[in-house]
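*Asks:* heads up, no residue letters with this:
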Ligand SMILES: Nc1ncnc2c1ncn2[C@@H]1O[C@H](COP(=O)(O)OP(=O)(O)OP(=O)(O)O)[C@@H](O)[C@H]1O
Ligand SMILES: [Mg+2]
């Protein structure tokens, strides 16, 4: 084969790659943190059927889990301005990430909460814990501990999915890759290298989630 | 400027939707077949195929679908293969699907209790006989719900192929949105179309899941 | 020549030396019961006999089929397993197959029997354990005791030379224990070679020709059950008997 692979351009674009990487990490951290927060709220509302949130959450979850992230993003970025809501690209990207991850976390956390053995709740109530205390210590923490691996996977999936944010010109990693390959005409090498960066980032995020899980959730004032 | 009636919009989206459905079916069927091969390599006894299968799974699960499509598209063009968008889309999505299904199914095989392996081994069955008569039939029962659930991810995944130029639902939507200056309406219809395709599958997967749990 | 014989059998789990040189001979038609404290290696010994656990040293011979550290490939294992049946504490019936199919599966795929042959055998074996009428039932429609009897029939359908039973009544409700013990009692009376682990001491004393007391991975004391219970030779066994009541 005549083609010579050439990755020598990478150092020249190190700054741009770093920018894209930081952007992607930023999207993921914001999306992950707020999304999981929404998920906790959603799971509570669904579980206790708080009106009107319980039902609203149900429609929200089904809607976002059954449509592509890319379409959600387009609807937010291109569609909302017709309703007078104008978002710049990073705002739209974060909003889409948050809403998408929020929908998935709601379902994941709800499943965890539902798996609380009834005996545990009765035991807590017989100890005169308030509803909130019971929820916090007997339900939420064990539930989060149980579903943390699933949540972590979902955060990674969402991070990988964020590559389509390049389509609204959010300057994340894939956007940067598109830009660079249009300059150096080394499309394959550029995308290959970028793919490898995503792969590494996925590993890092998984590790980070493991650490967060260990420190926030397992360290427990339980019982 | 051409003016679009609502009917024009819907009609064009329907064509895109049909292509989305077709691509989903192709990717799911071919990806399922490839996934079966990856599964057997992954759970088999030979070390090299096992490592390769694991690499395949981790690569495709650990990188963005969009980048997989780009890399495939431009990688193959290095070999002088000029790929039309539909082929790159089908190929990329098939590989993506095979990795996820193989991993889902591996989980199902491993969920079959160890006692089933032991009992069949005690009856002097070979590995292949154990697999065929004891393990796989039970794993398949477990696999139905998550497999149907993953079909939803495949349908949604097809949207990404719009970016490499395959004129499925999302791409059609973008073109119409640009032409009509009615992005909110058009993208809402696009979202609705995906919802109509995906929701029944999600719902079915959930009810299968519940039935399986109840049966235990 | 003994039907089953092991020599210098050693087994490690990591650094845990679980079997420390087991020599055990079992004659054809003999009923041997292995007793001992939890963790003494009873299950491990039983499971090495048919190759469910690998061994780190020693030899196992069953009716001419031989297994040692260097010869434990798939064919060797399968040859050995054709001679040995095993029944588990947790039954391990195949839940996707009917009772009859459970019993017929191995005769079909391993012994390549015809339809008629294997169905005949399955019906025979099921009536031996008193479950002829359950041929078409599924495992989850049976009580624990019935499931365990099907498991015995399934093992017998391969006409093994020896049957291994690892605490086969431990997972059963007390009122179901006897129906399973009765089946074992009948097998013993019919001359089946049995090697079993059980906590049912009265039953062990009644049916066993030989009692084996395991302690810390060794056969610590062995002999005729009545005599051993009457006059324990080692303080460990005396202690063990004492802890039973
Ligand atoms: N799969 C395994 N991996 C590691 N260690 C094991 C394994 N199985 C058993 N062991 C260890 O080997 C030792 C003997 O176990 P074994 O199950 O043979 O005892 P046992 O006499 O059958 O006890 P019990 O009466 O509780 O069934 C124990 O210390 C046990 O912890
Ligand atoms: Mg045991």
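*Replies:* Alright, I've got the coordinates. Everything numeric in this text was worked out from a predicted model, so none of it was measured. Ligands and ions are numbered 1, 2, ... in the order given.

*Asks:* How much space separates the closest residue to ligand 1 within chain A from residue C:219?
*Replies:* Going by CB to the nearest ligand atom, ligand 1 is nearest to residue A:149 of chain A, at 24.5 Å. Heads up, the C-betas are built off the backbone N, CA and C, glycines and all. Distance check for residue A:149 against residue C:219: by CB to CB, to the nearest Å, it reads 45 Å.

*Asks:* so which helix or strand takes in the residue of chain A closest to ligand 1?
*Replies:* helix A:141-161 (DSSP states H and E).

*Asks:* residue contacts, residue 9?
*Replies:* Looking at chain A here, since you left the chain open. Neighbour list for residue A:9: A:180, A:184, A:186, A:189-190 [criterion: CB atoms under 8 Å, 6 or more residues apart in numbering or on different chains].

*Asks:* Please refer instead to chain C.
*Replies:* Counting by CB under 8 Å, 6+ apart, residue C:9 makes contact with C:19, C:21-24, C:45, C:48, C:55, C:57-60.

*Asks:* Need these in CSV (columns: pLDDT and neighbour count).
*Replies:* CSV is the format used below for these (pLDDT from 0 to 100; neighbours: other CB atoms under 10 Å in any protein chain shown):
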residue, pLDDT, neighbour count
C:19, 95, 26
C:21, 93, 15
C:22, 94, 24
C:23, 95, 13
C:24, 95, 20
C:45, 96, 27
C:48, 95, 24
C:55, 93, 23
C:57, 94, 14
C:58, 93, 19
C:59, 93, 16
C:60, 94, 23
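
*Asks:* tell me which residues form a beta bridge with the residue nearest to the spatial centre of chain C?
*Replies:* Central residue of chain C (CA atoms, centre = their mean): residue C:164, 1.2 Å from the mean position. Counting by DSSP bridges, residue C:164 is bridged to residue C:86, residue C:195.

*Asks:* how near is it to residue C:155?
*Replies:* Taken as CB to CB, the span from residue C:164 to residue C:155 is 9 Å.

*Asks:* Which neighbours do those two have in common?
*Replies:* C:85-87.

*Asks:* List just the nearest of these to residue B:121.
*Replies:* Of all the shared contacts of residue C:164 and residue C:155, residue B:121 sits closest to residue C:86, with 9.1 Å by CB to CB.

*Asks:* Next, work out how far apart residue A:144 and residue A:108 are.
*Replies:* 10 Å.

*Asks:* Equivalent analysis for residue B:43, please.
*Replies:* 27 Å.

*Asks:* Tell me where the longest helix sits in chain C.
*Replies:* helix C:174-189 (DSSP state H).

*Asks:* Please see if stretch C:132-142 touches chain B.
*Replies:* No. Under the criterion of CB under 8 Å from any CB of the partner chain, chain B is not reached by stretch C:132-142; the shortest gap measures 8.6 Å.

*Asks:* I'd like to check what contacts that stretch. Which residues are they?
*Replies:* Taking CB under 8 Å, 6+ apart as the rule, stretch C:132-142 contacts C:91, C:93-95, C:97-100, C:102, C:122-123, C:126, C:146-147, C:150.

*Asks:* so what's the backbone phi/psi at whichever residue of chain B sits closest to ligand 1?
*Replies:* Residue of chain B nearest ligand 1, by CB to the nearest ligand atom: residue B:114 (9.9 Å). For residue B:114, the backbone dihedrals are phi -60, psi -30 (criterion: degrees, to the nearest 10).

*Asks:* pLDDT score assigned to residue 212?
*Replies:* In the absence of a named chain, chain A is used. pLDDT recorded at residue A:212 is 90.

*Asks:* switch to chain B, that's the one I care about
*Replies:* Turning to residue B:212, the model gives it a pLDDT of 84.

*Asks:* Could you pull up the residues touching the residue lying closest to it once chain neighbours are set aside?
*Replies:* In this structure, residue B:212 finds its nearest non-sequential neighbour in residue B:145, 6.0 Å apart by CB to CB, 6 or more residues apart in numbering or on different chains. With contact taken as CB under 8 Å, 6+ apart, residue B:145 is in contact with B:205-206, B:208-209, B:212.

*Asks:* Now do the longest helix seen in chain A: distance to the chain's middle.
*Replies:* For chain A, the longest helix by residue count, based on DSSP H, is helix A:14-48. The chain centre lies 4 Å from the centre of helix A:14-48; the measure is CA atoms, centre = their mean, to the nearest Å.

*Asks:* can you map out the helices along chain C?
*Replies:* C:42-49, C:74-81, C:99-109, C:115-128, C:144-156, C:174-189, C:201-207, C:225-230, C:235-244.

*Asks:* OK, contacts around residue A:114?
*Replies:* Going by CB under 8 Å, 6+ apart, the list of residues near residue A:114 reads residue A:47.

*Asks:* Now do it against residue A:108, distance only.
*Replies:* 11 Å.

*Asks:* Residue C:172 now?
*Replies:* Distance from residue C:172 to residue A:108, by CB to CB: 39 Å.

*Asks:* okay, these two: which has more neighbours?
*Replies:* Comparing residue C:172 with residue A:108 by other CB atoms under 10 Å in any protein chain shown, the one with more neighbours is residue A:108, at 24 against 20.

*Asks:* Pull out the buried residues from the helix of greatest length in chain B.
*Replies:* Among the segments of chain B that qualify as a helix by DSSP H, the longest is helix B:6-43. Using 16 or more other CB atoms under 10 Å in any protein chain shown as the burial criterion, the residues of helix B:6-43 that qualify are B:9, B:12-13, B:16-17, B:19-21, B:23-24, B:26-28, B:30-32, B:34-35, B:38-43.

*Asks:* And for stretch C:69-77?
*Replies:* Using 16+ other CB under 10 Å as the test for burial, stretch C:69-77 gives residue C:77.

*Asks:* Ends of it, what's the gap?
*Replies:* End-to-end distance of stretch C:69-77 (CA to CA, to the nearest Å): 12 Å.
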